[in-house]
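Engineer: Predicted model follows, preceded by the sequence.
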Amino acid sequence: MNRLCYVVAGVFFLVLASCSSPGNVFEASGDVGDCKLPGSMQYDKSAGVYTLTGAGANMWGTADAFFMAWKQVSGDFTLSARIAFEGEGVEPHRKMGLIIRESLESDAVYADVAVHGDGLASLQYRPRKGAETGEFVSPGKAPGYVALQRTGNKITVKTAADAFPADADAEVTIDLPATCYVGLFICSHNPEVTEAGRFSLVELH
């Protein structure tokens, strides 16, 4: 192959790599609720990895405090990701995962798949604005792969240890508007510290 062919091949490879590089699918990010310490999001385009850092007292009870990256999505969707906490952490009940919320208000109706620092995984949900949070605990511990699916007002959660899950862990039907905030979240479960987590292989469709 002559020099010109190498140059053309190199240019073609760069164009192909650029076209196949994953893009940030989320519109914005920020703290939800009363967070004493600000959170942040970093996106590594070359690796397709989102790193979320956030604080917040909890995502439970009648109101939440956490950090979220979101996109407004209308109708049915499936959001999936490979997830992992960074470091040992401070709180065993720190949480990260995937979420759908009717709004960014702290007491909004929502459902999520939450993986805790101690390995507990569950579907958490608030059925009405300001209501107490409910929960369905997943059978597996410390899943590395999670998925959240909306079909109408039915929310389905899937988790698995080492591959994208096929079977549902739990599902709940709650009254949600046609367009909701969908995305990634992290909560330190301690307002005095921040925790970090990595989300890779993120797909929203």
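Structural biologist: Done, it's in.
Engineer: Distance check, the nearest residue to residue 37 once chain neighbours are set aside against residue 124.
Structural biologist: Nearest in space to residue 37, with sequence neighbours left out and distances taken as Cβ to Cβ, 6 or more residues apart in numbering, is residue 55 at 3.9 Å. C-beta here means a position set from N, CA and C on the backbone, and glycine is covered the same way. Distance of residue 55 to residue 124, computed by Cβ to Cβ, to the nearest Å: 18 Å.
Engineer: So which of these two has more stuff around it?
Structural biologist: residue 55 (25 against 22; other Cβ atoms under 10 Å).
Engineer: thinking that one is in contact with residue 188, fair?
Structural biologist: Yes: using Cβ atoms under 8 Å, residue 55 is in contact with residue 188, at 4.7 Å.
Engineer: Return every residue with contacts to both of those two.
Structural biologist: Residues touching both residue 55 and residue 188 (Cβ atoms under 8 Å, 6 or more residues apart in numbering): 37, 194, 195.
Engineer: Compare these and tell me which is most surrounded.
Structural biologist: Result: residue 195 is most packed of these (other Cβ under 10 Å), 26 neighbours.
Engineer: Quick one: residues contacting the residue sitting nearest the centre point of the chain.
Structural biologist: Nearest to the geometric centre of the chain sits residue 184, at 2.3 Å (Cα atoms, centre = their mean). Taking Cβ under 8 Å, 6+ apart as the criterion, residue 184 is in contact with 26, 50, 52, 68, 69, 81, 96, 97, 98, 99, 199, 202.
Engineer: out of those, which are inside strands?
Structural biologist: 50, 52, 68, 69, 81, 96, 97, 98, 99, 199, 202 (DSSP state E).
Engineer: Please name the nearest non-neighbouring residue to the third one.
Structural biologist: If I follow you right, that is residue 68. residue 185 (4.6 Å).
Engineer: neighbours of that neighbour, just the number please.
Structural biologist: Neighbours of residue 185 under the rule other Cβ under 10 Å: 28.
Engineer: Next: the one 3 residues further on.
Structural biologist: Residues within reach of residue 188, counting by other Cβ under 10 Å, total 31.
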